[in-house]
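got a sequence here, can you build the structure:
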Amino acid sequence: MSGPISQPQGAPRALAEVTTLPQLLRWRVALTPAAEAYRHFDNAAGRWVSQSWQEIDAEFERWRRALAAEGFAPGERVAILMPNGIAHIAMDQAALSRGLVPVPMHAVDNPDSIAYILADSGALLLFVDTLERWQGIVATGQPLDNLKRIVCADAAGLVASDVRIVALDRWLDAAPGAAAPMPDVAVRPDDLAAIVYTSGTTGRPKGVMLSHDNIVANVKAIAGRIAAEPDDVFLSFLPLSHTFERTGGYYYPIAAGACVAYARSVSLLSEDLKHVRPTVLNSVPRIYERFYALIMQHRNAAGSVERALLALTLAVGGRRFDARQGRGSPSPFDRLAWPLLKRLVADKVLAQFGGRLRVAVSGGAPIAEPVIRLFLSLGLDILQGYGMTETSPVVSVNTAEDNDPRSVGLVLDGIEVRLGENDELLVRGPSVMLGYWHRPEETRRVKEADGWLHTGDQARIENGRITITGRIKDILVTSTGEKIAPVDLETAILADPLFEQAMVIGEQRPFLTALVVLSAKAWEQERQKLAAGGKQGEGAERADLLARIAGAVKAYPSYATPRAVWWTLEPWTIAAGLLTPTLKNKRPALEHRFAAEIERIYAKKPAAAPRTAT
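Okay, here's the model as predicted:
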């Protein structure tokens, strides 16, 4: 397929005219056919390869024809259980072009949750990465008779015991060819464009129904706030089943004409960052926290001169950031010192992100202030934003020119916000979901007749800028009547590199307890320090951990300081059912898993209020 592509009659000539997701892709392909669209690592060739918009559209055409041959009616569901990559978006685009509804699923989710979503959505087709994954789903015993076709990307060892299963290459090759591209099935802006399931922190995940208009409206609003350029490169590693990545890292780059490079895996993320050298990064706070922990560990092991240089860089860089935001002005010393400090320190640290990153967006959870301040001081613009699956997802975001790291930014154009009872943030606008799939009662509970969505988050709104202050459902009420937001405390604790994971409990208990997963390397170093100071044994270790935790949460009231701690080196995982696929704690599951340990803690007298670590 070569040569210029002409716009079909009546096709949009600007992003403002786009109303559906198939239109968005067709518009982009026609506008910049030769520009780089996607980059991925070819394992067979052992190298990164690129595809232009015209080339990727030709690839999508094979998938459109294969899916059309299944004969599904518009509105039927197609489930995608694949890691990020060309195959995932090819099936997504094929489904959209046929008027079908993609159901993206977390590639790392556990089989029980996957089987539930397949049954709940009534998907007719499942696109799965491996035969082993499918066998794990079958082993749950969940009836999945609704599935008419299972397309398996890696069908090694496939035995034709189930006529529904077909290897991907055979499925694509069996599709009828044609001289002309297949026309898209007509869809309306209010037609379903996806059913995206929530991560299910407190129960079964709910299917959020998002229309073409929901997603396209959010893409346009993002474009009006953060302008990506055609020469930008996004590195995609958050799951495409996460609305943050789906809208901000997949559909929005199509609108911007930017390139998306697909990371090989989270374990290889550090290598991919250095090779791809992205200019834009969407991430959850945990990734920034991990880099922060590495920087702190390096600082602690460095000599006095290197530590002093880092401290000076952060001090000067912090003042420069504040000055750029209109909060003070840089001194003559800062102006003279920064070029040298940037070259000696900041550039070397940021080289871990590839050295070209101009903007990094953080969403999905709060980010600890020490973490974001460090990167802002080094010259990396990390922009906090706020959203939820039910809002397609972005509601607000900071910008490089107006960045208050304590907030989640200004509301996007076209979106309304206000505070309801108990300071709950309410949102209304074109990106608010149609409702929950097959759950009309729950839809009515969170979405009012006039369109206002109840987010469940407490907030302050000042001049259009949102600051999230807590989560209504997650508020702990101790037996002494104190109300505490555990997520805030957990975020603060995780700013200490010693702690890999944390959950604070204390509902109807006399004091708070922190359950934590420790960094094995950092904990061994800490125990050696304790031993060198003559402090050994479980009691000394507990006192040390409580002091570290107290130091991390010292900005909060004294009653919010955990008085007990239980620790382990064994990470909480998605596979064990303790984390959601977006790495949030499953609080009920964790409390159930560690019920015996929790009961032993509360059977004892609490520790005295710990001193903060020095």
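
just give me the longest strand of the chain.
If you go by DSSP state E, the chain has its longest strand at strand 453-462.

just how off-centre is it within its chain?
Distance of strand 453-462 from the chain centroid (CA atoms, centre = their mean, to the nearest Å) equals 20 Å.

buried residues, it. List them.
453-455, 457-459, 461 (16 or more other CB atoms under 10 Å). Where C-beta positions appear, they are placed from N, C-alpha and C, glycine not excepted.

make JSON lines out of those and add pLDDT.
Listed next are these as JSON lines, based on pLDDT from 0 to 100:
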{"residue": "453", "pLDDT": "98"}
{"residue": "454", "pLDDT": "97"}
{"residue": "455", "pLDDT": "96"}
{"residue": "457", "pLDDT": "91"}
{"residue": "458", "pLDDT": "92"}
{"residue": "459", "pLDDT": "95"}
{"residue": "461", "pLDDT": "96"}
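
before we move on, back to that, contacts for the longest strand of the chain, please.
Strand 453-462 is contacted from outside by 386, 388, 390-391, 417-420, 422-428, 432-433, 445-448, 466-473, using CB atoms under 8 Å, 6 or more residues apart in numbering.

go through these and flag which are in strands.
Among the contacts of strand 453-462, the members falling in strands (DSSP E) are 386, 417-419, 424-428, 466-471.

which pair of those residues spans the longest distance?
For the ones in strands among the contacts of strand 453-462, the farthest-apart pair by CB to CB is 428 and 470; their separation is 21.4 Å.

got a PyMOL select line for the buried ones in the ones in strands among the contacts of strand 453-462?
Here is the PyMOL command that selects the buried residues among the ones in strands among the contacts of strand 453-462 (16+ other CB under 10 Å):
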select buried, resi 386+417+425+426+427+428+466+467+468+470+471
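
ok, the ones in strands among the contacts of strand 453-462 vs residue 402, which is closest?
residue 466 (13.1 Å).

quick one: that closest one from residue 410, how far?
As judged by CB to CB, to the nearest Å, residue 466 and residue 410 stand 8 Å apart.

returning to what we had before: turn the buried residues of strand 453-462 into a markdown table, including distance to residue 308.
As requested, the buried residues of strand 453-462 are arranged in a markdown table below (distance: CB to CB, whole Å):
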| residue | distance to residue 308 |
| --- | --- |
| 453 | 50 |
| 454 | 50 |
| 455 | 45 |
| 457 | 41 |
| 458 | 41 |
| 459 | 40 |
| 461 | 42 |
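
low-confidence ranges in the stretch 51-200 of the chain?
159-160, 200 (pLDDT under 70).

which stretches of it form helices?
53-68, 86-97, 111-121, 131-138, 168-173 (DSSP state H, counting those that start in this stretch).

just the stretch 401-550 of the chain next, same as before
Using DSSP H, counting those that start in this stretch, helices in the stretch 401-550 of the chain cover 440-446, 486-493, 520-532, 538-552.

mind checking which of those is nearest residue 38?
helix 486-493 (34.1 Å).

give me the nearest residue to residue 400, chain neighbours excluded.
residue 381 (4.4 Å; CB to CB, 6 or more residues apart in numbering).

ah, wrong one, I meant residue 57
The spatially closest residue to residue 57, leaving aside those adjacent along the chain, is residue 29, at 4.6 Å (CB to CB, 6+ apart).

element containing the one you found?
helix 21-31 (DSSP states H and E).

which helices and strands sit right next to that helix?
helix 53-68, helix 86-97, helix 212-225, helix 252-256 (3 or more CB pairs under 8 Å, 6 or more residues apart in numbering; DSSP states H and E).

hmm, who's touching whichever helix or strand comes after it?
Counting by DSSP H and E, the next helix or strand C-terminal to helix 21-31 is strand 36-42. Strand 36-42 has contacts (CB under 8 Å, 6+ apart) with 47-53, 55-56, 85-86, 89, 233, 259-262, 264, 272, 276.

next, name the residue at the spatial heart of the chain.
Closest residue to the average C-alpha location of the chain: residue 284 at 4.7 Å, with CA atoms, centre = their mean.

what does the model give the residue lying farthest from the centre of the chain for pLDDT?
Within the chain, the residue lying farthest from the chain centre (CA atoms, centre = their mean) is residue 534, at 43.5 Å. At residue 534, the model reports a pLDDT of 89.

and for residue 583?
80.

that one touches residue 286, doesn't it?
Yes. Contact status for residue 583 versus residue 286: in contact at 5.7 Å, counting by CB atoms under 8 Å.

contacts for the longest helix seen in the chain?
Taking DSSP state H as the criterion, the chain has its longest helix at helix 304-324. Outside helix 304-324, the residues that touch it by CB under 8 Å, 6+ apart are 299, 302, 328-331, 333-334, 337-338, 341-342, 344-346, 373-374, 376-379, 401, 403.

need the buried ones from those residues selected in PyMOL.
Here is the PyMOL selection string for the buried members of the contacts of helix 304-324, based on 16+ other CB under 10 Å:
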select buried, resi 330+334+337+338+341+342+345+346+373+374+376+377+378+379+403
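
select from the contacts of helix 304-324 every entry located in helices.
Residues of the contacts of helix 304-324 located in helices (DSSP H): 299, 333-334, 337-338, 341, 373-374, 376-378.

out of those residues, flag the one nearest to residue 103.
Nearest member of the ones in helices among the contacts of helix 304-324 to residue 103, counting by CB to CB, is residue 376, at 37.8 Å.

now the closest one: closest residue in space that isn't a chain neighbour?
Closest to residue 376 by CB to CB, 6+ apart is residue 321, at 4.8 Å.

how about the nearest residue to residue 22 once chain neighbours are set aside, phi and psi?
Excluding the flanking residues, the one nearest residue 22 by CB to CB, 6+ apart is residue 184, at 4.6 Å. With angles defined as degrees, to the nearest 10, residue 184 sits at phi -70, psi 150.

distance of residue 184 relative to residue 98?
8 Å.

comparing the two, which shows the higher neighbour count?
residue 98 (24 against 18; other CB atoms under 10 Å).

can you pull the contacts of that one?
Contacts of residue 98 (CB under 8 Å, 6+ apart): 64, 67-68, 72, 74, 184-185.

what does residue 129 give?
81-83, 107, 152-154.

could you redo the last one with a cut-off of 6 Å?
Neighbouring residues of residue 129 by CB atoms under 6 Å, 6 or more residues apart in numbering: 82, 153.

I appreciate the help and will end here.
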